[in-house]
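[1] Here is my input; please provide its structure:
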Amino acid sequence: MTSSRLRKDMRRHDRAPVELPVIVTDTANRVVGGIRFEAKDFSAGGAFLRSDLLFEVGEQLKLEIQLPGGRLVHAGGRVVRVSRDLGDDRVPGMGMEFISLSPEDRTAIQAFLRSS
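    Below is the predicted model:
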């Protein structure tokens with residue numbers, strides 16, 4: 001079993017491939033303003049952010065995700081995986097787990113995923 005297959009089997013939420021803009025700030029406010037990332041996949045439990053700029057596993061970040069139609073979703077997230085390797089069709093980026101998300105934002109994410 002490949003490691004990507006194993007990771008998929010361990011996920012609590014199905015992920016959908018997407019191209020969504022995400023503004024990231026760190027909770028320690030070391031980054032002035034936000035850094036723009038692109039979400040490569042997305043679920044009600046987290047997202048994979050494509051980027052060469054990577055935070056460390058365990059770091060907590062603030063995420064502002066723009067859903068189609070202009071709805072902004074605000075979430076607290078934790079880096080759970082960092083991918084630096086470009087082999088096997090992988091792209092560099094970070095796997096994020098949502099650790100705080102309002103019920104309204106979770107509902108908006110679920111509605112978006114159902115319509116995708």
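
[2] what about stretch 54-61, how long is it end to end?
    Start-to-end span of stretch 54-61 (Cα to Cα, to the nearest Å) is 12 Å.

[3] Show me what counts as buried in it.
    Phe55, Glu59, Leu61 (16 or more other Cβ atoms under 10 Å). In short, each C-beta sits where N, CA and C put it, glycine included.

[4] Who's the closest spatial neighbour of the second one, skipping the chain neighbours?
    Yep, that's Glu59 we're talking about. Leaving out its chain neighbours, the residue that sits closest to Glu59 by Cβ to Cβ, 6 or more residues apart in numbering is Val79, at 4.9 Å.

[5] The one you found: what's it in contact with?
    If you count contacts by Cβ atoms under 8 Å, 6 or more residues apart in numbering, Val79 has them with Phe55, Glu56, Val57, Gly58, Glu59, Gln60, Leu61, Met94, Gly95, Met96.
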